[in-house]
Structure formats: C-alpha cells, structure tokens
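S.K.: Pasting a predicted model and its sequence here:
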Amino acid sequence: MEDDNSRPIKRLKLNDNPEWYTSAILTDEYSKEVPRVRVYLSELDNKRLISNVMQELSKMLPLERMNLHHLKRVRQQNILLCQVNDLNGQSLSRYLESVGLSHNVVNLLCKNVREYDVPALPSLLRWQYELAQTYWPCKFHPDKYMESLHNGSIFNEKERNFHSKIMHLLEGITNELEHSKPCGICIDPRTKGVVALASSGALISPVMHCPMMLVDFVARTQDGGAWRQEVSHEFQNVNEDIYNDIKVNSVISGIPKRVLELIRTDERFKDIKVGAELPRGKIKCDASEQNTAQNVDNLEKYGPYLCTGYDLYLSQEPCLMCAMALVHSRARRVFFEKCSNNGALVTRLKLHAVRELNHHYEVFQCKKIDQTNHLIYS
Ligand SMILES: [Zn+2]
C-alpha cells in the first residue's frame with residue numbers, strides 16, 4: 001500500500017518496527033542480594049554426635065528466636081549456634097549455658113567453633129535463594145506473582161503488544177503534536193480505552209508537569225479538573241463528527257481535541273479505543289484500606305474515582321512531586337519510557353518502595369528495542 005503523502009502530519013518511520021520491552025522496577029529487597037549476618041558455627045568431628053545435640057539445641061535455642069528461621073541448622077558436620085551479636089559481651093559457653101543447654105552439650109559444641117556469615121533474611125526470589133544457598137542451606141517459599149514480575153512472565157503476548165501499541169501512540173503524540181514535550185496516557189485496563197492524554201504544561205505554570213496534567217485530565221472525566229481555564233484552548237471547537245462512533249456511556253473529556261482527531265483519523269491508531277466510564281457518583285474512599293489488588297476491584301465496584309484501577313503510561317520517569325501525585329490519585333500501575341535526572345521511581349529513589357505511604361502502585365519501564373532485539377537506549 002502506498003503512503004498517503006498528502007497527510008499534513010509527519011509520519012513515524014514504520015519500518016523501524018517499534019516494539020517496547022517492559023520490565024518491572026522492583027524494590028531493593030527484590031533486586032539486591034540478601035544481606036548476611038555473622039554467626040558461630042560448631043564443627044563436630046563425629047557426625048553421629050549431631051543428633052545428640054540437636055534435640056537440646058532446637059528446644060533451648062531455636063532459630064526462630066534468632067530470626068533465622070529461613071536457615072537450616074546443619075551443613076555437613078557444621079551446626080549453626082547463634083548470632084555473634086547475641087552474646088552481649090559474654091563468652092560463647094556462658095551464653096549457651098544461660099539459655100539452658102546442659103554442660104555436656106555446651107562442652108561438645110564449644111570444642112571447635114568459628115565465625116561465619118549466613119543470609120540474614122529470607123530470600124524473596126529464586127535468584128536470591130540460589131545465591132544464598134552457596135553460603136548456607138536455606139528454606140525457600142516461592143512467590144509466583146513476584147517471580148513473574150521479576151522474570152517478565154507477568155505479561156502475556158497480547159498484553160505486551162498492547163503496551164507497545166500505547167507506547168507507539170505516546171511516541172507519535174510526543175513527536176508529532178507536542179514537539180518532544182513529556183507526554184502521558186491514562187488507560188482503563190478493563191476496557192483498554194484511553195481515559196485521558198496530556199503533555200507537559202510547564203510553559204503555562206511551573207507545576208503543570210505532564211503527570212500533573214494527566215491526573216487533572218482524568219479528573220475532567222469525573223466532572224472535576226483544577227485547570228479547566230488554563231487548558232480550555234485544548235478542548236475548544238471540537239468537531240462532533242469524530243465522536244459519533246464512540247460508546248454513549250463513555251466520556252472523552254480527558255482527551256484534547258487535536259489528540260482525539262489524530263487517534264480517529266490516523267490509520268496507525270484507529271483501533272485504539274477512547275473514553276472513560278462515566279462517574280457513578282461521589283464515593284467515599286478510606287485511603288488506609290487501599291492496595292493494588294483492591295484497586296481494580298474498587299474500579300469495578302464503585303466506578304471511576306481519581307486514577308483508582310487505572311494504568312498510566314509516561315514518556316519520562318516522573319519527578320518526586322508527580323510520583324506523589326500519582327500515589328494520591330491511586331494509580332494502579334505506572335509505565336514510563338525514559339529515565340529522568342530527577343526521577344523518583346528508579347533514578348533518585350523508588351517512591352513505590354516507601355512502605356509508610358498508604359498506597360503503592362507497581363512500576364514498569366518500557367524500553368524500545370530495534371529489529372535485532374537490542375535496546376535502543378538504556
Ligand atoms: Zn514532575
């Protein structure tokens with residue numbers, strides 16, 4: 001098929017075959033090696049003696065009491081006794097007697113003692129477990145969901161293609177309509193529809209960063225929006241014809257006119273759905289009860305409320321102000337393409353790792369890959 005050269009908008013180079021590779025930005029407890037702690041090991045010269053001392057040891061000084069329940073007690077002829085820090089200045093033999101071990105067992109255990117480093121915490125992912133095992137035998141309870149986030153199997157092919165399609169749209173809007181300004185798209189993952197689409201308004205006001213604008217445009221779909229006057233030019237003189245094939249019960253007031261026209265008229269984007277579910281009324285939200293799993297259910301149950309249950313795709317990693325705004329607006333997942341110097345999701349900090357916050361979203365980075373499957377940038 002021939003290119004339509006009459007199109008006024010510059011076309012993307014489609015032979016680039018753009019695809020994006022999506023990977024989860026996990027918190028440090030999942031992305032770093034498990035730390036180690038110093039313990040005393042006792043080596044018995046006769047393996048048969050192990051069962052003699054183990055009964056008493058596991059009763060009087062269980063690993064659970066030392067927060068080392070994730071470890072096994074014995075490796076070959078070595079027995080894990082206790083953490084070096086537990087002694088509080090006492091000798092090892094005195095400490096072992098103070099916890100109730102018999103004199104004979106203490107003598108046996110203290111014959112050949114050395115210090116050694118073992119994993120201090122349970123392994124959360126298999127790669128951490130395999131590494132921890134090289135130091136000391138460990139127990140491991142795999143978490144299928146976290147494992148799938150780590151290895152990328154969380155998304156099936158259909159979902160990966162959808163991410164690519166949205167990143168493709170984001171790239172088109174950024175390059176063709178917004179002069180490379182940061183852009184963002186909010187998606188309802190239930191319908192795969194575009195709820196809102198915004199670019200940076202930093203030229204209007206220094207706080208109107210792209211994610212702030214996006215949250216504001218989502219609010220427009222719920223009869224809100226703090227910057228209606230400032231952005232009114234984006235939503236004026238809309239040609240009603242382009243709304244004709246849009247579902248009656250959805251609302252498109254979060255999408256600026258020129259973006260809507262591009263999506264509706266450009267062959268590349270014509271299968272992208274637009275529109276948000278209409279608000280069902282004001283919902284009282286108890287923030288302390290929120291978590292990611294509940295968010296989708298809440299969207300289903302109560303209808304749209306801020307960004308509850310919604311996924312946000314951003315061309316750039318958000319700054320701390322914007323990342324917090326996405327926490328307050330209860331976004332479900334945040335996908336971003338390029339890292340920012342002041343980014344708050346991986347570059348400067350991982351805001352989603354701050355436990356004290358009352359809402360946590362999942363974070364993913366979408367990196368562009370070329371035809372040879374190499375990342376175009378990191
Ligand atoms: Zn920002």
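M.R.: Here it is on my side, so go on.
S.K.: Let me know the secondary structure of residue 262.
M.R.: Assigned by DSSP: H, G, I helix; E, B strand; the rest coil, the conformation of residue 262 is helix.
S.K.: Isn't it up against residue 177?
M.R.: Yes: assessed by CB atoms under 8 Å, residue 262 is found in contact with residue 177 at 6.5 Å. Every C-beta, even on glycine, is put in place using the N, C-alpha and C of the backbone.
S.K.: I'd like to know how many residues surround residue 150.
M.R.: Residue 150 has 20 neighbours, counted by other CB atoms under 10 Å.
S.K.: State the helix or strand in which it lies.
M.R.: Assessed by DSSP states H and E, residue 150 sits inside helix 144-151.
S.K.: Can you get me the start-to-end distance on stretch 311-326?
M.R.: End-to-end distance of stretch 311-326 (CA to CA, to the nearest Å): 10 Å.
S.K.: residue in the stretch 151-300 of the chain nearest to the ion?
M.R.: Closest residue of the stretch 151-300 of the chain to the ion, CB to the ion: residue 209 (3.3 Å).
S.K.: Could you do the stretch 1-150 of the chain as well?
M.R.: Using CB to the ion, the closest approach of the stretch 1-150 of the chain to the ion is made by residue 25 at 17.0 Å.
S.K.: Now do the helices in the stretch 101-250 of the chain.
M.R.: Residue ranges of the helices in the stretch 101-250 of the chain, as given by DSSP state H, counting those that start in this stretch, are 103-109, 126-133, 144-151, 157-176, 210-220.
S.K.: Burial-wise, tell me which of those helices comes out on top.
M.R.: Stretch with highest mean neighbour count among those: helix 210-220 (a mean of 26; mean count of other CB atoms under 10 Å).
S.K.: Spatially nearest residue to the residue of the stretch 151-300 of the chain closest to the ion (excluding sequence neighbours)?
M.R.: Leaving aside its sequence neighbours, residue 209 sits nearest to residue 322 (CB to CB, 6 or more residues apart in numbering; 5.1 Å).
S.K.: Please, which helix or strand holds the one you found?
M.R.: helix 320-328.
S.K.: outside of that helix, which residues touch it?
M.R.: Contacting residues not belonging to helix 320-328 are listed as 207, 209-212, 215, 306-307, 312, 318, 334, 342, 344-345, 348-349, 351, 357, 359-361 [CB atoms under 8 Å, 6 or more residues apart in numbering].
S.K.: ok, 7 Å please
M.R.: Here helix 320-328 makes contact (CB atoms under 7 Å, 6 or more residues apart in numbering) with 209, 211-212, 215, 312, 318, 334, 344-345, 351, 357, 359, 361.
S.K.: For residue 336, what are phi and psi?
M.R.: Note on residue 336: backbone dihedrals following degrees, to the nearest 10 are phi -130, psi 160.
S.K.: quick check: domain ranges of the protein?
M.R.: 14-29+152-369, 35-121 (automatic domain parsing).
S.K.: With distance to residue 143 as extra columns, can I get those domains in TSV?
M.R.: Converted to TSV, these look like this (distance: least, CB to CB, whole Å):
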stretch	distance to residue 143
domain 14-29+152-369	12
domain 35-121	14
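S.K.: Pick the most buried one from those.
M.R.: Compared across those, domain 14-29+152-369 shows the largest average neighbour count, a mean of 18 (mean count of other CB under 10 Å).
S.K.: Figure out how far it is from the centre of its chain.
M.R.: Relative to its chain's centre, domain 14-29+152-369 lies at 15 Å (CA atoms, centre = their mean, to the nearest Å).
S.K.: try stretch 27-34
M.R.: Per CA atoms, centre = their mean, the centroid offset for stretch 27-34 relative to its chain is 13 Å.
S.K.: what's the first-to-last distance across that stretch?
M.R.: Using CA to CA, the gap from the first to the last residue of stretch 27-34 comes to 13 Å.
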